[in-house]
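Peer 1: my questions concern the predicted model and sequence given below.
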Amino acid sequence: MISIIVAVANNNVIGKDNKLIWHLPADMKFFKEKTTGHCVITGRKNYESIPEKFRPLPNRTNIVITRQKDYVAPGAIIVDSIEKALLTAKNTGDTEIFIIGGGEIYKQSLHFADRVYLTQINHSFEGDAFFPELLNLEWKLTSKVEGKTDDNNKYPHSFFTYEKIA
Ligand SMILES: NC(=O)c1ccc[n+]([C@@H]2O[C@H](COP(=O)([O-])OP(=O)(O)OC[C@H]3O[C@@H](n4cnc5c(N)ncnc54)[C@H](OP(=O)(O)O)[C@@H]3O)[C@@H](O)[C@H]2O)c1
């Protein structure tokens, strides 16, 4: 199983200036629950956007994709293609491999994915990184759970799961 996990604003924005734009601890909790114990595949830029003290993401096999030959990320596995990242993850025996972004990696890996966990943030933001459109013909919505807003989670949000139509 290859899964993409992403949080997307109304206008498909996922980030700006190599940062997450919104603060939504409920989604971070969801991300942690889903990915813990699994391989996480990330583009080099997204990896560097994670604050240094939180990377490599703990209790997960971190696989970073870069074209830089001499790239160093202590505690992470470095590969130079999405195919190699997926093969490396499969060779660990992981039953669900997570592609965790960012925009470039989502766009190039959507066709490899079986499942997408998509947190929809019901708000528009300006940004420079985007998630590709999921076509109704290719993806079936299998679960929708509405998130709860509170003082710490002020943007309305919902957790969607899509499965690829075989
Ligand atoms: N909302 C969300 O759920 C979410 C999740 C993740 C990320 N984000 C946001 O997304 C943004 C980052 O996304 P991004 O599109 O700018 O960058 P990215 O996808 O994280 O990383 C791009 C980098 O990955 C490497 N790369 C890409 N394709 C490759 C390939 N085919 N082969 C080898 N290496 C490849 C290159 O690294 P080198 O330049 O080193 O060669 C490239 O510069 C940030 O704003 C982040 O906050 C949001």
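Peer 2: Nice, I can see it.
Peer 1: what residues are up against the residue nearest the centre of the chain?
Peer 2: The geometric centre of the chain, computed from its C-alpha atoms, lies nearest to residue 100 (C-alpha atoms, centre = their mean), at 2.4 Å. Counting by C-beta atoms under 8 Å, 6 or more residues apart in numbering, residue 100 makes contact with 5-6, 31, 35, 40-42, 46. C-beta: built from backbone N, CA, C; applies to glycine.
Peer 1: most neighbours among these, which one is it?
Peer 2: By neighbour count, taken as other C-beta atoms under 10 Å, the most surrounded of those turns out to be residue 41 (30 neighbours).
Peer 1: so that one touches residue 66, yeah?
Peer 2: No - at 11.9 Å, residue 41 does not count as touching residue 66 under the criterion of C-beta atoms under 8 Å.
Peer 1: the protein: strands as residue ranges?
Peer 2: Listed from the start of the chain, the chain has strands (DSSP state E) covering 2-9, 13-15, 39-43, 61-65, 77-79, 97-99, 115-121, 129-130, 139-146, 157-164.
Peer 1: write out the residues of this protein neighbouring the ligand.
Peer 2: When proximity is defined as C-beta under 6 Å from any ligand atom, the chain approaches the ligand at 6-7, 14-16, 18-20, 43-46, 49, 65-68, 80-82, 100-105, 108, 129.
Peer 1: select only the buried ones of those in ChimeraX?
Peer 2: Those of the residues of the chain next to the ligand that meet the burial criterion (16 or more other C-beta atoms under 10 Å) are gathered into one ChimeraX selection, given here:
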select :6,7,14,15,20,43,44,45,46,49,65,66,82,100,101,102,103,105,129
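Peer 1: filter the residues of the chain next to the ligand down to just the ones in helices.
Peer 2: Secondary structure of those is defined by DSSP state H; positions in helices are 44-46, 49, 82, 103-105, 108.
Peer 1: adding pLDDT, write these out as TSV.
Peer 2: What follows is those, written out as TSV (pLDDT from 0 to 100):
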residue	pLDDT
44	98
45	98
46	98
49	96
82	98
103	98
104	98
105	98
108	97
